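Chemist: Task: produce atomic coordinates for the following.
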Amino acid sequence: MTPREMTPKEMLAKLVSFNTESQRSNLDLIHFCRDYLAGLGVESTLAHSADGEKANLYATIGPKVEGGIVLSGHTDVVPVAGQDWTSDPWTLTERDGKLYGRGACDMKGFDAIALALVPEMLAASLKRPIHIALSYDEEVGCQGARVLIKAMVEAGLKPAAVIVGEPSMMQVVTGHKGGLRMRTAVRGHAVHSSQMHAGVSAVMAAGELIHWHSETMAQNKARTTADNGFEPPYTTLHVGVVHGGTAVNITAEDCSFTHEVRTIPGEQYEQYEALYRAKMADLSARMQAIAPETGIDFTITSDTPAMAPEEHGAAEELCRRLTGDNARHVVAYGTEGGLFQRAGWSTVVCGPGDIAQAHQPDEFITVAQLDAGVDFVRKLIADLAR
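Modeler: Here you go, the predicted structure:
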């Protein structure tokens, strides 16, 4: 092994050592990856965020022809603040066949495999290319992937398939829900609570909007008939955080909450946005009939499309052939897969590790799963060298 080559475990230890929580820059990690690839003679391209504080990276190994495979991973991780870790989250620690560290499972394990096996890709005389694609800000709405995919499309890349290496226990996941995340802020009119008729409670108005989420989800549940594989098998609506009010005897002047919609494939989150906007318009008119200065401010904070199962999808066919997994798998969480699919590229999710470990204190990936991911990518290399 030459000094510039690393085993998958060594690469994972290096990647984990970079604190790439989503609120921080990922440039140190990206520059390391760029320099590592350059040391192997592989040129990479960076696609930066608008403020220049973060970057995506993509690189091509093999001939510059159509029909290659994208190995897609994100570089950001969720925060460790408030979590009880028994070891340093930024130092990969092996105990009892498990590799502990923030991002070890979600999803630096897959990133490490793709990077560590670049020397084997180079030695294989690939007939079709492998594109490594590393993004920023997946955990906060798949922001980086939009910039990354745009750059790859503009560069003329035309892969046959995309493999998003999110932890799936190496099962071939062909569909996941989409997501719309939002923030609503209600402006009320404060009066003494004994004079409720003259005031507008922002908290009670927000409560009506929050209840709309429950009502709409109940309607979705009631009309669910087909077995689509999802659990639950319908589009869900959820309110996560609520802030508002000043005292029990004052009608609240302000109330805000964050909320989301997770849509099954075939339903569009835009239709829920339209329904919600209609609800807000009706409520706002009733509020302003009492106090004209009241109102509702609405912001979409992120939107991620669903990934739908494809009929005769190239990515699915490839991954089923390499893994031997012919079962049907869909998941309720979101990934960047829907964005790649929206770009017209056949996509599946297939990667090492258990999603149950993602975002947890003492996050880990088993050595067995890391090895399974290595075996999968080696089979892919051999397939593309034929």
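Chemist: Quick check: the residue nearest the centre of the chain vs I290, distance?
Modeler: Most central in the chain under C-alpha atoms, centre = their mean is T335, positioned 3.7 Å from the mean C-alpha point. T335 sits 45 Å away from I290 when distances are taken as C-beta to C-beta, to the nearest Å. (Glycine included, C-beta is placed from N, CA and C.)
Chemist: rewinding a little: residues contacting the residue nearest to the centre of the chain?
Modeler: Taking C-beta atoms under 8 Å, 6 or more residues apart in numbering as the criterion, T335 is in contact with E138, C142, V164, E166, H176, M307, V349.
Chemist: Repeat the analysis, applying 6 Å as the threshold.
Modeler: Under the criterion of C-beta atoms under 6 Å, 6 or more residues apart in numbering, the neighbours of T335 are V164, E166, H176, V349.
Chemist: and what of I264?
Modeler: Counted by C-beta under 6 Å, 6+ apart, I264 has contacts K177, F230, T235.
Chemist: Select from those residues the one having the most neighbours.
Modeler: Comparing the contacts of I264 by number of neighbours (other C-beta atoms under 10 Å), K177 comes first, having 27 neighbours.
Chemist: element containing the closest residue to it other than its chain neighbours?
Modeler: Among residues not flanking K177 along the chain, R262 sits closest, at 4.5 Å (C-beta to C-beta, 6 or more residues apart in numbering). Per DSSP states H and E, R262 falls inside strand 254-263.
Chemist: G179 belongs to a helix?
Modeler: No: checked against DSSP: H, G, I helix; E, B strand; the rest coil, G179 lies outside a helix; its state is strand.
Chemist: Against Y272, how distant is the residue nearest to the centre of the chain?
Modeler: Remark: distance between T335 and Y272 (C-beta to C-beta) = 20 Å.
Chemist: one step back: of the contacts of T335, which is the most crowded?
Modeler: Of all the contacts of T335, the most densely surrounded is V164 (31 neighbours; neighbours counted as other C-beta under 10 Å).
Chemist: which of the contacts of T335 lies closest to P119?
Modeler: In terms of C-beta to C-beta, no member of the contacts of T335 lies closer to P119 than V164, at 23.4 Å.
Chemist: which residues does the closest one form a beta bridge with?
Modeler: V164 forms beta bridges with S72, V349, as assigned by DSSP bridges.
Chemist: L46 versus the closest residue to G351 other than its chain neighbours, what's the distance?
Modeler: Of all residues beyond its chain neighbours, the one nearest G351 is G165 (3.3 Å), with distances taken as C-beta to C-beta, 6+ apart. Look at G165 and L46: by C-beta to C-beta, they are 20 Å apart.
Chemist: Mind checking which of the two has more residues around it?
Modeler: Regarding G165 and L46, a neighbour count based on other C-beta under 10 Å identifies G165 as having more, with 25 against 17.
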